[in-house]
Structures are given as C-alpha cells and as structure tokens.
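[1] Quick one: sequence plus predicted model below, questions after.
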Amino acid sequence: MGDTVVTILAIILAAVLMFIFPLMSVADRSDDVSQLKVQDATTTFTDNIRATGRITLANYNKFVQEINSTGNTYDVEIEVKILDENPGKKTAQTAYEKIGENVYYSEYTTQIMGDINNASNNNTKYLKEGDIVSVSVKNTNTTISQLLRNFFYRVTGNDSATLGAASGGIVTVNGRN
C-alpha cells in the first residue's frame, strides 16, 4: 500500500518535471521573442515619427500589423505634446529652448486617430520641430506563459500585462515641409 502511494507520487512528479516545466520554459521564450519584436517595432515607429514629423495612417496600420503578428493583441497609446509657443514672442527660433518660455499641451490617442483618419489631411497628423511624441504598447490578452505562471504560482492581478514597450522623443523636423 505504501509503495503504491509513493509510486503514484513519483509518476506525478515525473510528469510535472518532464512536461510542465519545459512547457513553461518554451512559453517564456515565446514571450521574450514577442517582447523584443514589439519593442523594436515601437522604437522604429516612434523614430519614423520623429524623423518625418508626421503620423500617417499607413505607418500606424503597418505598426499595428507588425505588433499583432506576434499572435497577441495590444493596446496602443500615443501621446503628442505639442509645443504651444508663448504668444508674446515674435518668433519661435529666437530662444525656444529656454525654460518657461514655451508651453506644451497634450493630444492623446483618440484625438490623434481622429486626425489621421481624416481624409482632408491626407490621413496625416503633422507635427513640428520641438513637439514630443511618446508611444506605449501593452498586451491585452493572456499568453500561455501568463496562464501557466498564474496557475502554478497564483500570481493574479488586474495588471498582468507582461508584453509591453514604450518609446518617445522630440520631433526633429517640421512635418509640413
């Protein structure tokens, strides 16, 4: 009787060691690859915006398609801080880098998507030199790695996104040129 219980426990332990932990390892590596792809795509998208001064519908759709190719779904948030020059200044080029002379106001994803879906603007959001753009991405679905981790480690919570990326910077050219 005692040998039977030990044998059953040994079989269960062997099954866990032979199948579950390698599955967790492969799932974690899959998440790592997806993470790298999402970070690279986000950085490329943001650098393109900074270098051209434009957010176009075609580039946005290409970016979303590229990150969705990982097999996950993502929430993309874009924020643009637009340089609002002090109305008392005559030109923007005199000393726009001085602190306190310029003010930024923010536009968020819904406003930006409204601009790039507008055909009268050639489906483009034009930015100017000095604007600040930031893009953040996080997964909205639960990956196999997250499921296994939550099952074995009881790590549950509302913010369980493990795949994510963020990138940002200052626009270096005027988009309307």
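    Cool, the structure landed.
[2] Tell me, what's the model's pLDDT at the residue most central in space within the chain?
    With the centre of the chain defined as its mean C-alpha position, the nearest residue by C-alpha atoms, centre = their mean is residue 137, 1.8 Å away. In the predicted model, residue 137 carries a pLDDT score of 96.
[3] Bridging across strands, which residues link to it?
    residue 76, residue 165 (DSSP bridges).
[4] Now do the contacts for it.
    With contact set as C-beta atoms under 8 Å, 6 or more residues apart in numbering, residue 137 has these partners: 38, 42, 67, 74-77, 164-166. For every residue, glycine as well, the C-beta is placed using N, CA and C.
[5] Can you flag the buried ones in those?
    By neighbour count, with 16 or more other C-beta atoms under 10 Å, those hold 38, 42, 67, 74, 76, 165 as buried.
[6] I'd like the contacts of residue 137 written out as a markdown table, with pLDDT added.
    What follows is the contacts of residue 137, written out as a markdown table (pLDDT from 0 to 100):
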| residue | pLDDT |
| --- | --- |
| 38 | 96 |
| 42 | 97 |
| 67 | 96 |
| 74 | 94 |
| 75 | 95 |
| 76 | 96 |
| 77 | 96 |
| 164 | 89 |
| 165 | 93 |
| 166 | 95 |
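[7] Backbone torsions only: list them for the closest residue to residue 116 other than its chain neighbours.
    Excluding the flanking residues, the one nearest residue 116 by C-beta to C-beta, 6 or more residues apart in numbering is residue 57, at 4.6 Å. For residue 57, the backbone dihedrals (degrees, to the nearest 10) come out as phi -60, psi -40.
[8] thinking again about what came up before, need the contacts of residue 137 in CSV with distance to residue 19, can you?
    CSV is the format used below for the contacts of residue 137 (distance: C-beta to C-beta, whole Å):
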residue, distance to residue 19
38, 29
42, 35
67, 31
74, 30
75, 33
76, 36
77, 38
164, 29
165, 32
166, 36
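[9] and which of those residues is nearest to residue 4?
    Each of those was scored against residue 4 by C-beta to C-beta, and residue 164 proved nearest at 48.5 Å.
[10] What ranges in this protein fall below the confidence cut-off?
    Applying pLDDT under 70 to the chain flags residues 1, 85-101, 154-161, 177.
[11] Which parts of it are strands?
    If you assign secondary structure with DSSP state E, the strands in the chain sit at 54-56, 74-85, 102-107, 124-126, 132-139, 164-170.
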